[in-house]
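J.: next input, structure requested:
(one chain, ligands or ions: 2)
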Amino acid sequence: MAMAALSFRLCSSPLICRATLDHQATDASFIRRAADLSEMSAGLTSPHPNFGCVIATPSGKVAGEGYLYAQGTKPAEALAVEAAGEFCRGSTAYLNMEPGDCHGDHTAVSALVQAGVGRVVVGIRHPLQHLRGAAIREMRSHGIEVNVLGEDVQSKVLEDARKCCLLVNAPLIHRACSRVPFSLLKYAMTLDGKIAASSGHAAWISSKLSRTRVFELRGRSDAVIVGGNTVRQDDPRLTARHGQGHTPTRIVMSQSLDLPEKANLWDVSEVSTIVATQRGARKSYQKFLASKGVEVVEFDMLNPREVMEYFHLRGYLSILWECGGTLAASAIASGVIHKVVAFIAPKIIGGSKAPSPVGELGMVEMTQALNLIDVCYEQVGPDMLVSGFLQPVPDLLPVIPSEDATFEIDPSVNPFESSIIFFYKTWDLYGSFSNFSPHPIRMPYGDDYRTWSSVEHYYQANKFVGVENPLAHDCVEKIRTAKSPEEAAFIGRSKQRQQPELVRSDWEDVKIEVMYMALKCKFSTYPHLKTMLLSTAGSVLVEASPHDLFWGGGREGEGLNYLGRLLMQLRSEYLGESSVSAENTSLAL
Ligand SMILES: NC(=O)C1=CN([C@@H]2O[C@H](COP(=O)(O)OP(=O)(O)OC[C@H]3O[C@@H](n4cnc5c(N)ncnc54)[C@H](OP(=O)(O)O)[C@@H]3O)[C@@H](O)[C@H]2O)C=CC1
Ligand SMILES: Nc1c(N[C@@H]2O[C@H](COP(=O)(O)O)[C@@H](O)[C@H]2O)[nH]c(=O)[nH]c1=O
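T.: Ligands and ions are numbered 1, 2, ... in the order given. Prediction:
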């Protein structure tokens with residue numbers, strides 16, 4: 001595999017480069033085909049990761065194809081191997097995503113190994129951390145050359161193919177990264193931006209063809225969600241009537257539970273309905289719903305985020321929001337909507353009171369508008385379908401820190417093969433790695449040494465050290481004597497913001513060194529912390545701060561993770577020291 005990567009990178013003759021380009025184009029086109037195949041089961045079964053596999057002969061002919069129909073059915077790889085038969089030997093298998101092997105049966109991998117496949121190209125690694133890299137390692141251990149797009153070679157054509165793989169499993173990737181199900185907001189509006197007439201009547205805005213597309217969307221979702229008002233106004237059924245397969249659960253969000261006694265959604269003979277409500281709301285009505293077989297779930301705070309976190313825990317992968325503008329605005333504002341799909345009908349209804357797809361978001365200038373990403377336009381019958389992501393599909397390439405940076409910091413870590421250890425709050429498993437952990441350090445201050453209650457105390461105070469202003473000196477003392485690291489951080493950050501003139505002029509240049517020295521002191525002072533740090537060898541350390549994009553890794557790996565990097569650097573130094581001392585010991589013997 002390393003040889004293949006080298007041959008890509010080092011090619012210099014125009015002839016070889018031409019061959020390389022052709023090779024990349026072939027890989028890209030088969031991976032795209034695998035991604036297309038993988039989508040074929042979407043909507044037929046309960047949402048699950050989409051897997052497709054294409055087996056191609058060395059001359060570039062398709063020998064077999066397959067896709068996973070549903071969780072627990074034969075893997076795409078096994079189906080493709082069966083179809084390709086004897087042509088598998090020495091062939092290349094293209095997989096849109098690394099197999100998950102959820103049940104530990106290695107079916108996908110063993111099918112490829114036993115069939116004698118020589119090379120496997122993988123679009124993306126498995127998004128779930130506990131599965132990520134396992135199948136790739138397994139295939140490599142059997143001598144199969146495995147290339148993962150974007151990891152060995154970068155090129156536009158491969159990048160585009162990788163994007164297809166990300167998009168096809170966007171729900172799983174989003175769910176893995178954001179700990180809420182993937183949420184798609186869908187609405188139908190008139191050309192003048194209304195989702196109903198001023199009377200509330202909305203049947204129908206979009207064409208029959210568009211509404212069939214909505215049934216398909218429902219079939220690809222675990223649940224369809226509406227607000228109380230839509231139930232009162234439309235009496236919807238929210239079923240997937242596209243003729244086959246999966247029907248989603250219906251969810252109603254209602255604070256008041258001021259809902260009708262008779263409603264299509266209370267008929268749960270074919271599909272279940274869950275009503276999410278505020279704790280204590282209309283107990284008698286809750287009983288009535290229960291008698292109909294409708295499940296009621298009470299929330300202390302009924303808001304879209306709480307509700308989505310709850311359904312994430314119940315295992316939901318993807319949710320279709322078909323609510324009106326009131327709930328849609330609340331869902332967008334709480335950051336749970338990932339994608340928007342709008343059917344725009346060439347109709348005008350007018351009416352200053354007629355509802356629009358998204359209610360109040362509190363924005364006052366157009367510059368605040370949310371821009372969609374990866375926007376697609378498609379004509380559906382007479383309507384225009386516009387869709388795009390409100391939140392980009394998180395990139396699975398490790399950026400915390402980047403591949404090159406990690407290797408420079410700690411050559412023993414391969415970011416593609418290693419696990420990631422997250423730490424943040426001091427009570428986390430590795431919480432002692434946090435600056436806020438209660439481990440005092442003794443560090444120089446002026447001509448003397450002082451004790452600092454935590455690394456954070458020392459780090460914050462150093463912003464103001466050496467500045468010839470009594471106020472700066474006061475700041476240092478206030479931070480040094482702060483009762484908690486949180487307090488020290490608060491004083492340091494607010495002073496820096498309010499009185500930037502008190503901050504030392506070289507702070508940006510020295511802050512990493514200051515942090516490094518403080519960490520070194522902490523881990524040298526406390527042997528059990530050093531042992532804990534060494535026990536993480538081989539893992540990438542990431543401070544899981546969602547806010548601090550310099551010291552932390554960010555919510556989706558967008559942060560620079562300098563704290564994690566420094567800890568890995570320190571670990572690497574300690575490991576180097578211990579290997580030198582081991583060498584010395586063996587020499588002495
Ligand atoms: N064209 C289209 O695509 C669609 C059109 N429509 C139309 O839209 C109109 C209804 O729109 P709208 O009134 O906005 O209805 P919504 O579907 O947005 O329902 C709003 C209701 O949701 C409930 N809710 C629960 N939690 C929250 C929360 N945190 N934030 C906001 N609401 C919450 C409340 O119900 P409660 O009052 O019970 O407590 C609230 O009154 C109807 O005329 C309908 O026909 C609706 C959907 C799609
Ligand atoms: N009016 C409107 C939509 N409205 C949505 O569809 C729901 C009705 O679904 P059902 O009862 O299953 O047919 C309704 O409550 C609202 O959520 N959808 C569309 O695609 N186009 C339309 O013009």
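J.: tell me which element the residue nearest the centre of the chain is part of?
T.: The centre of the chain sits closest to residue 177, judged by Cα atoms, centre = their mean, with a distance of 2.6 Å. Using DSSP states H and E, residue 177 maps to helix 170-178.
J.: quick one: the closest residue to ligand 1 within the stretch 301-450 of the chain from ligand 2, how far?
T.: Per Cβ to the nearest ligand atom, residue 324 is where the stretch 301-450 of the chain lies closest to ligand 1, at 1.9 Å. Where you see a C-beta, it was placed from the backbone N, CA and C, and this is true even at glycine. Distance from residue 324 to ligand 2, counting by Cβ to the nearest ligand atom, to the nearest Å: 8 Å.
J.: from residue 232, how far off is that residue?
T.: For residue 324, the distance to residue 232 (Cβ to Cβ, to the nearest Å) stands at 10 Å.
J.: these two: who's more crowded?
T.: Taking other Cβ atoms under 10 Å, residue 324 and residue 232 do not tie; residue 324 has more neighbours (24 against 14).
J.: just the element for the closest residue to that one other than its chain neighbours, please.
T.: Nearest residue to residue 324, sequence neighbours excluded (Cβ to Cβ, 6 or more residues apart in numbering): residue 230, at 5.3 Å. Assessed by DSSP H and E, residue 230 sits inside helix 228-234.
J.: elements contacting the next helix or strand after that helix?
T.: Sequence-wise, the next helix or strand downstream of helix 228-234 (DSSP H and E) is strand 249-254. For strand 249-254, the helices and strands in contact under the criterion 3 or more Cβ pairs under 8 Å, 6 or more residues apart in numbering; DSSP states H and E are strand 223-227, helix 228-234, strand 273-278, helix 304-313.
J.: note down every partner strand of the shortest one and its orientation.
T.: Going back to what we said before, that points to strand 223-227. Sheet pairing of strand 223-227 (DSSP bridges) gives strand 249-254 (parallel), strand 318-321 (parallel).
J.: now the ones you listed in a markdown table, with distance to ligand 1 and mean neighbour count?
T.: Converted to a markdown table, the strands paired with strand 223-227 look like this (distance: least, Cβ to the nearest ligand atom, whole Å; neighbours: other Cβ atoms under 10 Å):
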| stretch | distance to ligand 1 | mean neighbour count |
| --- | --- | --- |
| strand 249-254 | 3 | 25 |
| strand 318-321 | 9 | 27 |
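J.: thinking again about what came up before, which of the helices and strands packed on strand 249-254 sits closest to ligand 2?
T.: Nearest to ligand 2 among the helices and strands packed on strand 249-254 is helix 228-234 (3.6 Å), distances taken as Cβ to the nearest ligand atom.
J.: list the buried residues in that closest one.
T.: By neighbour count on 16 or more other Cβ atoms under 10 Å, the buried set for helix 228-234 is 228, 229, 230, 231, 233, 234.
J.: over to stretch 325-340?
T.: 325-333, 335-340.
J.: what's the spacing between that stretch and its chain's center?
T.: 18 Å (Cα atoms, centre = their mean, to the nearest Å).
J.: helix/strand/coil for the closest residue in space to residue 187 that isn't next to it in sequence?
T.: Of all residues not flanking residue 187 in the chain, residue 357 sits nearest, at 4.3 Å (Cβ to Cβ, 6+ apart). What DSSP: H, G, I helix; E, B strand; the rest coil gives for residue 357 is coil.
J.: show me the contacts for residue 357.
T.: Taking Cβ atoms under 8 Å, 6 or more residues apart in numbering, we find residue 357 in contact with 187, 189, 193, 195, 325, 328, 342.
J.: can you check residue 317 too?
T.: By Cβ under 8 Å, 6+ apart, the residues touching residue 317 are 47, 48, 171, 172, 175, 181, 182, 222.
J.: if we use 10 Å, what do you get?
T.: By Cβ atoms under 10 Å, 6 or more residues apart in numbering, the residues touching residue 317 are 46-49, 171-172, 174-176, 181-182, 220-223, 311.
J.: for residue 515, same thing?
T.: Residue 515 neighbours (Cβ under 10 Å, 6+ apart): 435, 455, 456, 458, 459, 462, 551, 562, 563, 566.
J.: alright, calling it a day.
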